[in-house]
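>>> any chance you can model this:
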Amino acid sequence: MAMRKIINDPSLVEDQTVAGILAAFPDHLKRVEGSTRALIRADAPVAGKVGIATGGGSGHLPLFLGYVGQGLATGCCVGNVFSSPSAEDMLDVTKAIDSGAGVLYLYGNYSGDTMNFDMASEMAEMEDIIVKTTLGRDDVTSAPNEEMERRRGVAGIVFGFKIAGAAAEEGRDLDSVHAVAEKAVFNTRSMGVALSGTTIPAAGQPGFEVAEGQMELGMGIHGEPGVEIGPLLTADEIAGQMLDRILPDLPFSSGDAAAVLVNSLGATAPEELYILYNKASQILGDRGIKVHRAFIGEYATSMEMSGASISICKLDDELISLLDAPAYSPLLSQQLGR
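Sure, this is the predicted structure:
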């Protein structure tokens, strides 16, 4: 079957995506000089403020490029579809956003990313830029609770961007921004379900597939194996199975406040997300967990994958204040600030 994608040259998808974003939002974003894969806030470096840098493979919009903005990340670079950005691009972003207050790296826990970001961090410190790192590791199916350091980062990293970004905007120092990013990441749990595979443009054919009428519970955003393959269940059953794994993992308990994100993996209609959220909110209410904010839409996709994920972040007073602080990114259809 021919690839159904509106593109020019498969080898130029990443560069032309970044170019299109920069062309669409010149008042908000600007290119990092010398890189076709990196962009930063138009007002970066922001004087006296900690810079926040993120990045990862292309193919996940609005992750990562869409989280550059006021009260969010300061800069970002991307690699090929589902592949790490280069250490050199990451160093260029770091230098472009550093105002002297240091830089926080906030990205998903994948081996290629950690290798290149660590290399960029070492090169930055040779240029007297202090860097600290927080890894998104919210996917409960990718490793057991006692091995959280091995878990993948998925859509729940959005809470990290919002909370760390607000802390940096307040003028907190690097240690404080890093600490609250760690708290946000630690307090977040996610799980996904996939109903189809996806096609990497350069390959021209699906890299992985889910059989018709089947679903894979816990599949990763690059097609990493899930925990269970079986017949497609109802939305209520899917929500129940996800929360049965998410809620005991922190654990969440009666009296907690939480933020909930129901995320489309690329080809799932908003109606389906709201049906999922309806059941999730009922389950949380029955367990005495108060939903402080709900986010429903596309926040971290996997090209045209059909499926969804649910992320839940346990909130305290500090995290509520930072979650509700103003924020803006031109790529986000539902804004993250109050």
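
>>> and the helices in the protein?
Using DSSP state H, the helices of the chain run over 13-24, 87-97, 111-126, 157-169, 174-186, 235-246, 270-286, 317-324.

>>> any idea which of the ones you listed gets closest to residue 67?
Closest approach to residue 67 among the helices of the chain is made by helix 157-169 (4.5 Å; Cβ to Cβ). The way it works is simple: take the backbone N, C-alpha and C, and place the C-beta from them, glycine included.

>>> what is that closest one packed up against?
If you count contacts as 3 or more Cβ pairs under 8 Å, 6 or more residues apart in numbering; DSSP states H and E, helix 157-169 packs onto strand 51-58, strand 103-108, strand 131-136, helix 174-186, strand 188-194, strand 257-264, strand 307-315, helix 317-324.

>>> report pLDDT for residue 46.
Model confidence at residue 46, given as pLDDT, is 95.

>>> which non-adjacent residue is nearest it?
Residue nearest to residue 46 in three dimensions, not counting chain neighbours: residue 99, with 6.0 Å by Cβ to Cβ, 6 or more residues apart in numbering.

>>> for the stretch 51-200 of the chain, which spans come out with low pLDDT?
Scanning the stretch 51-200 of the chain for pLDDT under 70 picks out nothing.

>>> around residue 84, how many other residues sit close by?
By the measure other Cβ atoms under 10 Å, the count of residues near residue 84 is 23.

>>> what's around the closest residue to it other than its chain neighbours, how many residues?
Distances taken as Cβ to Cβ, 6+ apart put residue 112 closest to residue 84, at 3.6 Å, once the chain neighbours are dropped. Counted with other Cβ under 10 Å, residues neighbouring residue 112 total 14.

>>> make sure residue 112 is actually in contact with residue 82.
No. Contact criterion Cβ atoms under 8 Å: residue 112 and residue 82 do not qualify, at 9.5 Å.

>>> list the contacts of the residue nearest to residue 84.
Contacts for residue 112 (Cβ atoms under 8 Å, 6 or more residues apart in numbering) come out as 79, 83, 84.

>>> so of those, which ones are in strands?
Counted as lying in strands by DSSP state E, out of the contacts of residue 112, are residue 79.
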